[in-house]
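Undergrad: Predicted model and sequence below, questions to follow.
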There are 2 protein chains.
Amino acid sequence: MAPQVFFISDGTAITAEVFGHAVLSQFPMEFEQVTIPFVETIKKAEAVQRQIDDCFITTGLQPLVFHSIVKPEIREIISNSKGADYDFLNTFVAPLEDQLGIKATPKVHRTHSKENASYESRIDAINYSLDNDDGQTLKHMDKADIILLGVSRCGKTPSSLYLSMQFGIKAANYPFVEDDMDNLKLPEKLKQNKDKLFGLTIDPQRLHEIRQSRMQNSRYSSLRQCRVEVKEVEMMFKKERIPFINTTNHSVEEIATKILYTTGLERHMF
Amino acid sequence: MAPQVFFISDGTAITAEVFGHAVLSQFPMEFEQVTIPFVETIKKAEAVQRQIDDCFITTGLQPLVFHSIVKPEIREIISNSKGADYDFLNTFVAPLEDQLGIKATPKVHRTHSKENASYESRIDAINYSLDNDDGQTLKHMDKADIILLGVSRCGKTPSSLYLSMQFGIKAANYPFVEDDMDNLKLPEKLKQNKDKLFGLTIDPQRLHEIRQSRMQNSRYSSLRQCRVEVKEVEMMFKKERIPFINTTNHSVEEIATKILYTTGLERHMF
């Protein structure tokens, strides 16, 4: 039976989840995972404690309890459950107090909240990326932090959205389509923003599969067409000295992080 | 002087960053933060080690080194730097090995990578949310996991995108606009999907400010119009018994998490 894991927090529980997931992924086994956010009152905490204890009794297997809880009185109740307790936050906060010679001043919702001063600039970045997705308009390219280029379905849109959502970066994107291929060149507006250009490419076979699932047996999705487009666009990236990466085996997180790393763009944090 | 913090990983460093940010946010002070992802070779690790040591020499202040490194040989080099070492991953992996009675099998890029079996369904969810943003079409509502409703600029779009990006949820959204207000009702297609409807509302004053920054001194952005729209839409939510939350003081993370929590929709993890 797969061990039961609880991710618990008095906030969104996103930190507990993301971090806990990274820890668990090091083990070659399956886990049953439950996330319980917003445990903000003693009453709720006691109900969660009972839920953990009941789980132990019912399954006979000690559940793992991963938590990131700011309020001490809530943390104490959860830690008193019969689960195996892993206190993500305090494990590092206590030694950091010694290192920094300063006491922590626990405050709920300090991460992942609107109190972050740059929150509005992040929403602006998301709106920018949406409004400048897929070459809808080239009018606002001067305001972009980065402009992603590539053939249709190579990963431009999810990557731009991730860059804006996670890092507050204004990411536009521009597609090269079939009609461009005979005489492929950069539009004037993109040339004027050449230092912001970043290319994405993809293996033609994988592109073919992705396009097939959208428009089966079309010219657009044919392996032949995918090969032509990828070859032409890669040649242009090289000729114009536009940095580019192959997205075939990479997630949006990896693509976005590699773009930041290559370009030196600053990450904002929320 | 603000202490220097390094977030280091042999992967994207997103885990180190998100978690480190949560830990640091408990301290009432500023930090200088640098993220170094993809430290995958001995040579790179040694360069980073020198960078940390140089930072100590130059500033006279011991830098904090937060890392989430899977490869032991890389981890050892970073841990040997003169920084104050906080090993996010191993601190929990070692005790978990005892608890689970199984050895960890360290593997880089297991989180935030395409190896996750549900990666494609996440990309599908992102595309779904984009294609069904802002009531562009009601054709695909039957396929939605959730449909967010509300007035223009109350937070529907960033929330839908976050739900799809972070949790792999197909989130559509539908706006109620000025012309709807005289006789506000749910379109037939939304009625047919009533169990998926979730409302967002916002304080009229805040809505007025947001709209003003987009379209100054228009009827659309007037406080009067904002008040009318919010009032009408909230009345409809109540009449139709659609659950809703006020987004005014909440971040996209908080809104998305509250929606999941209220509806019981399952989070997917990537």
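TA: Arrived safely, thanks for sending.
Undergrad: Break chain A down into its domains, please.
TA: Chain A breaks down into these domains under automatic domain parsing: A:4-100, A:119-263.
Undergrad: For the ones you listed, give me a markdown table that also has distance to chain B.
TA: For glycine as for every other residue, the C-beta is placed from the backbone atoms N, C-alpha and C. Shown next, in a markdown table, are the domains of chain A (distance: least, CB to the nearest CB, whole Å):
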| stretch | distance to chain B |
| --- | --- |
| domain A:4-100 | 4 |
| domain A:119-263 | 4 |
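Undergrad: Export these to JSON lines and append columns for mean pLDDT and mean neighbour count.
TA: Putting the domains of chain A into JSON lines (pLDDT from 0 to 100; neighbours: other CB atoms under 10 Å in any protein chain shown) gives the following:
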{"stretch": "domain A:4-100", "mean pLDDT": "95", "mean neighbour count": "19"}
{"stretch": "domain A:119-263", "mean pLDDT": "94", "mean neighbour count": "19"}
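Undergrad: quick one: which of those is nearest residue B:132?
TA: Between residue B:132 and the domains of chain A, the shortest gap by CB to CB is with domain A:119-263, which sits at 13.2 Å.
Undergrad: Which residue ranges of the stretch 1-150 of chain A form strands?
TA: Assigned strands in the stretch 1-150 of chain A, in chain order: A:4-9, A:32-36, A:64-68, A:84-87, A:146-151 (criterion: DSSP state E, counting those that start in this stretch).
Undergrad: could I get the ones you listed as a markdown table with distance to residue B:144?
TA: Formatted as a markdown table, these follow (distance: least, CB to CB, whole Å):
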| stretch | distance to residue B:144 |
| --- | --- |
| strand A:4-9 | 26 |
| strand A:32-36 | 22 |
| strand A:64-68 | 31 |
| strand A:84-87 | 36 |
| strand A:146-151 | 27 |
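Undergrad: Ok, which of those strands comes nearest residue B:9?
TA: strand A:64-68 (19.0 Å).
Undergrad: Could you list the paired strands of the closest one along with their orientation?
TA: Partners of strand A:64-68 in the sheet, by DSSP bridges, are strand A:4-9 (parallel), strand A:84-87 (parallel).
Undergrad: want to throw these into CSV with distance to residue A:242?
TA: Below are the strands paired with strand A:64-68 laid out as CSV (distance: least, CB to CB, whole Å):
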stretch, distance to residue A:242
strand A:4-9, 41
strand A:84-87, 45
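Undergrad: now residue A:57: how far from residue A:174?
TA: 58 Å (CB to CB, to the nearest Å).
Undergrad: wouldn't residue A:236 be in contact with residue A:184 here?
TA: Yes: contact between residue A:236 and residue A:184 holds when scored by CB atoms under 8 Å: they sit 5.1 Å apart.
Undergrad: Common neighbours of the two, please.
TA: Residues within reach of residue A:236 and of residue A:184 at once, by CB atoms under 8 Å, 6 or more residues apart in numbering or on different chains, are residue A:176.
Undergrad: Let me see the contact set for residue A:83.
TA: Contacts of residue A:83 (CB under 8 Å, 6+ apart): A:6, A:52-53, A:55-56, A:62-65.
Undergrad: List the contacts of the nearest residue to it once chain neighbours are set aside.
TA: Spatially, and ignoring its direct neighbours in sequence, residue A:83 is nearest to residue A:65 (3.7 Å; CB to CB, 6 or more residues apart in numbering or on different chains). Contact analysis of residue A:65 by CB under 8 Å, 6+ apart lists A:5-6, A:8, A:52, A:78, A:81, A:83-86.
Undergrad: How about residue A:55?
TA: By CB under 8 Å, 6+ apart, the contact list for residue A:55 reads A:4, A:6, A:63, A:83.
Undergrad: and with 10 Å instead?
TA: Residue A:55 is in contact with A:4, A:6, A:32, A:34, A:61-63, A:65, A:81-83, counting by CB atoms under 10 Å, 6 or more residues apart in numbering or on different chains.
Undergrad: Throw these into TSV and include distance to residue A:100, thanks.
TA: Supplementary listing: those in TSV, determined by distance: CB to CB, whole Å:
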residue	distance to residue A:100
A:4	36
A:6	30
A:32	38
A:34	34
A:61	39
A:62	35
A:63	34
A:65	28
A:81	31
A:82	34
A:83	31
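Undergrad: and of these, the nearest to residue B:119?
TA: residue A:32 (20.9 Å).
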